[in-house]
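**Student:** Sequence first, then the predicted structure:
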Amino acid sequence: MNQKILLASLKTEKVSTLEKNLLENDYKVSRSLATEDIIHESILVLKPDLVILYIEEAEDSLLKIIRLIQDNTPIPIIIFADHCENKLISEAINAGASSVVVDSIEKHRIRPIIEAATARFNKCQTMKVKLTNTEAKLIERRDIDRAKGILMSNKNINEDEAYKILRKMAMDKNQRIGDLAKSLILANELLI
């Protein structure tokens, strides 16, 4: 399957070589201007597999575009730049770019660059999902501990007994124990 690429640039005449190299590597290419509004709309309409930003020199406005894309429609982003300071390369990667390539758009390098950037993006997305799940589990664990504390204090029981009560209530109500714990905490706060 040929990947759909959105090629965005402010200098349309400079991007022709890159577009030609992408087409020769059997990618489907759509063009857009690299402004926040236009690129966001282009992504929503075209639904590309990857965004390539071609710029002469990286600047801070580029970081806004990267963050906008990653916040609204996460997708691999590759930046091709004629010139770029090391600081901006690091900031672009931290903002969500998968790769920054400076001063090189040779045809034979295009496919490996895209494959590496896509793999990096996928790995980062997997890590974000795992982090989100881990954070949710920690919050749930904290809520269960708080709910046990409420039961221990109100019923003058030990931790094991409090957990058994929580577990039984959750099973009786056909709820997850974390959801029940959250409800118990809210109810307790209302009574205080």
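**Tutor:** Thanks, I have it. Numbers count the residues shown, from 1 in each chain.
**Student:** quick one: furthest residue from the center of this protein?
**Tutor:** Largest separation from the mean C-alpha position in the chain: Asn156, at 45.6 Å (Cα atoms, centre = their mean).
**Student:** Which pLDDT value belongs to that residue?
**Tutor:** If you check Asn156, the pLDDT there is 94.
**Student:** contacting residues for it?
**Tutor:** By Cβ atoms under 8 Å, 6 or more residues apart in numbering, the contact set of Asn156 is empty. To be clear about C-beta, it is placed using only N, CA and C from the backbone, and glycine gets the same treatment.
**Student:** Look up how far Glu189 lies from it.
**Tutor:** For Asn156, the distance to Glu189 equals 20 Å [Cβ to Cβ, to the nearest Å].
**Student:** Pull out the buried residues from stretch 67-85.
**Tutor:** For stretch 67-85, the buried set under the neighbour-count rule, 16 or more other Cβ atoms under 10 Å, comprises 68-70, 75-81, 84.
**Student:** ok, then the element right after the longest helix anywhere in the chain?
**Tutor:** Scanning the chain for the longest helix, with DSSP state H as the assignment, gives helix 107-155. Following helix 107-155 in sequence order, the next helix or strand is helix 159-172 (DSSP states H and E).
**Student:** Run through the neighbouring helices and strands of that following helix.
**Tutor:** helix 107-155, helix 177-191 (3 or more Cβ pairs under 8 Å, 6 or more residues apart in numbering; DSSP states H and E).
**Student:** okay, among the buried residues of stretch 67-85, which ones form the most distant pair?
**Tutor:** For those, the maximum inter-member distance is 20.7 Å, found between Ile75 and Cys84 (Cβ to Cβ).
**Student:** so Val15 makes contact with Asn21?
**Tutor:** No: Val15 sits out of contact with Asn21 when judged by Cβ atoms under 8 Å, with a separation of 10.5 Å.
**Student:** So for the two, which residue has more residues nearby?
**Tutor:** Per other Cβ atoms under 10 Å, whichever of Val15 and Asn21 has more neighbours is Val15, with 23 against 18.
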